[in-house]
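In: Give the three-dimensional model of this entry:
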Amino acid sequence: MTYVFIAIGGALGACLRYFLSQQALIWFGKEFPFGTLLVNVLGSLIIGFFYTLIAQGYVQLIPWRTFVGIGFLGALTTFSTFSMDSLLLLQQGAWIKASLNILLNVFVCLFAAWIGSKLVGFKF
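Out: Sure thing, here's the model as predicted:
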């Protein structure tokens, strides 16, 4: 059953990643890897929120960690693409864009994970 949860979550995450990446191209163009940044920030927000739900006992660890944490978020977010985007920018001599990409992915994603964890206690 574990692999079924991973597979279903992964399929959903991969489809959302593709959709958001395509939308980012339409919205922002190709001059900067906004699609990768978008999915990484969104994934960080979700993981902060979701793992806080688990830690506080609102959501059971099994099967949800496997479905969301490994499957869905594993397919949605992409450190390898972030790394390649940054390397390509560096190879093109776009030092400012590469630096911005690295800083945004690291710091905005950390901030998004923190915000996600804080949303658990927020009353909508």
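
In: Apart from its neighbours in sequence, what residue is nearest Val68?
Out: Nearest in space to Val68, with sequence neighbours left out and distances taken as CB to CB, 6 or more residues apart in numbering, is Phe50 at 5.4 Å. For every residue, glycine as well, the C-beta is placed using N, CA and C.

In: tell me the contacts of the one you found?
Out: Taking CB atoms under 8 Å, 6 or more residues apart in numbering, we find Phe50 in contact with 59, 64, 68-69, 73, 116.

In: Filter these down to the buried ones.
Out: Among the contacts of Phe50, those buried by neighbour count (16 or more other CB atoms under 10 Å) are 64, 68-69, 73, 116.

In: biggest separation within those, which pair?
Out: Maximum pairwise distance among the buried ones among the contacts of Phe50 (CB to CB): 14.8 Å, between Trp64 and Gly116.

In: returning to that earlier point: could you tell me the per-residue confidence at the residue nearest to Val68?
Out: pLDDT, Phe50: 88.

In: Name the residues of stretch 6-26 that are buried.
Out: Across stretch 6-26, burial judged by 16+ other CB under 10 Å covers 6, 9-10, 12-13, 16-17, 20-21, 24.

In: Pull out the CA atoms of that stretch and give them to me as PDB.
Out: Below are the C-alpha coordinates for stretch 6-26, written out as PDB (Å, rounded to 0.1, in the frame of the first residue of the first chain):
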ATOM      1  CA  ILE A   6       3.600   7.300  -3.200                       C
ATOM      2  CA  ALA A   7       2.500   6.700  -6.800                       C
ATOM      3  CA  ILE A   8      -0.800   8.500  -6.500                       C
ATOM      4  CA  GLY A   9       0.800  11.400  -4.600                       C
ATOM      5  CA  GLY A  10       3.600  11.500  -7.100                       C
ATOM      6  CA  ALA A  11       1.300  11.600 -10.100                       C
ATOM      7  CA  LEU A  12      -0.700  14.500  -8.600                       C
ATOM      8  CA  GLY A  13       2.400  16.400  -7.700                       C
ATOM      9  CA  ALA A  14       4.100  15.900 -11.100                       C
ATOM     10  CA  CYS A  15       0.900  17.100 -12.900                       C
ATOM     11  CA  LEU A  16       0.700  20.200 -10.700                       C
ATOM     12  CA  ARG A  17       4.400  20.900 -11.200                       C
ATOM     13  CA  TYR A  18       4.000  20.800 -14.900                       C
ATOM     14  CA  PHE A  19       0.900  23.000 -14.800                       C
ATOM     15  CA  LEU A  20       2.400  25.600 -12.600                       C
ATOM     16  CA  SER A  21       5.700  25.600 -14.600                       C
ATOM     17  CA  GLN A  22       3.700  26.200 -17.800                       C
ATOM     18  CA  GLN A  23       1.700  29.000 -16.100                       C
ATOM     19  CA  ALA A  24       4.800  30.600 -14.900                       C
ATOM     20  CA  LEU A  25       6.200  30.700 -18.400                       C
ATOM     21  CA  ILE A  26       2.900  32.400 -19.600                       C
END
